[in-house]
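Enquirer: need coordinates for the following:
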Amino acid sequence: QVQLVESGGGQVQPGGSLRLSCAGSGSIFRIADMSWYRQAPGKQRELLAAITSGGSTNYADSVKDRFTISRDNAKNTVYLQMNSLKPEDTAVYHCKAKIATIASRFSWLDYWGQGTQVTVSS
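Expert: Modelled structure (predicted):
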């Protein structure tokens with residue numbers, strides 16, 4: 001079994017910061033790309049940022065220069081540092097990781113976390 005568990009969400013005032021974490025556990029052999037998405041009520045899920053196992057990153061225009069994705073391969077963890085938060089950043093934030101398990105070392109599957117709520121409000 002493989003699990004991804006997000007943490008670090010909460011309520012913050014506009015202009016504030018939060019750092020989300022997403023830790024993988026279970027029978028993980030290797031993790032390739034890791035990414036963060038968000039979904040606001042009534043809207044489609046949006047890809048925010050992605051990072052390869054080598055550390056190359058990509059960002060959506062809506063969060064570029066405000067959010068930073070990073071990862072700790074030894075801890076199977078990906079982070080999202082969010083600065084200058086705006087009310088429109090309010091959403092449930094999910095991580096996704098492409099993982100090969102110990103039982104299937106050459107088969108890559110996408111796994112999702114359960115999500116963490118971020119609310120930006122004064």
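Enquirer: which residue lies farthest from the center of the chain?
Expert: In the chain, the greatest distance from the average C-alpha position (Cα atoms, centre = their mean) is reached by residue 103, at 24.9 Å.
Enquirer: that one belongs to a strand, doesn't it?
Expert: No: read with DSSP: H, G, I helix; E, B strand; the rest coil, residue 103 is coil and lies in no strand.
Enquirer: now do the same contact list for it.
Expert: By Cβ atoms under 8 Å, 6 or more residues apart in numbering, the residues touching residue 103 are residue 27. All C-beta spots, glycine's among them, are computed from the backbone N, C-alpha and C.
Enquirer: secondary structure element for residue 36?
Expert: When secondary structure is defined using DSSP states H and E, the element that contains residue 36 is strand 28-39.
Enquirer: by contact count, what packs against that strand?
Expert: strand 18-26, strand 46-51, strand 67-72, strand 77-82, strand 91-101 (3 or more Cβ pairs under 8 Å, 6 or more residues apart in numbering; DSSP states H and E).
Enquirer: mind putting the ones you listed in a markdown table, mean neighbour count and mean pLDDT included?
Expert: Converted to a markdown table, the helices and strands packed on strand 28-39 look like this (neighbours: other Cβ atoms under 10 Å; pLDDT from 0 to 100):
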| stretch | mean neighbour count | mean pLDDT |
| --- | --- | --- |
| strand 18-26 | 18 | 98 |
| strand 46-51 | 19 | 98 |
| strand 67-72 | 18 | 98 |
| strand 77-82 | 23 | 98 |
| strand 91-101 | 21 | 98 |
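Enquirer: can I get these in JSON lines with distance to residue 1?
Expert: Conversion of the helices and strands packed on strand 28-39 to JSON lines gives the following (distance: least, Cβ to Cβ, whole Å):
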{"stretch": "strand 18-26", "distance to residue 1": "5"}
{"stretch": "strand 46-51", "distance to residue 1": "24"}
{"stretch": "strand 67-72", "distance to residue 1": "21"}
{"stretch": "strand 77-82", "distance to residue 1": "18"}
{"stretch": "strand 91-101", "distance to residue 1": "9"}
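Enquirer: picking that back up, can you list the strands that the strand holding residue 36 pairs with?
Expert: Next to strand 28-39 in the sheet, as set by DSSP bridges, lie strand 46-51 (antiparallel), strand 91-101 (antiparallel).
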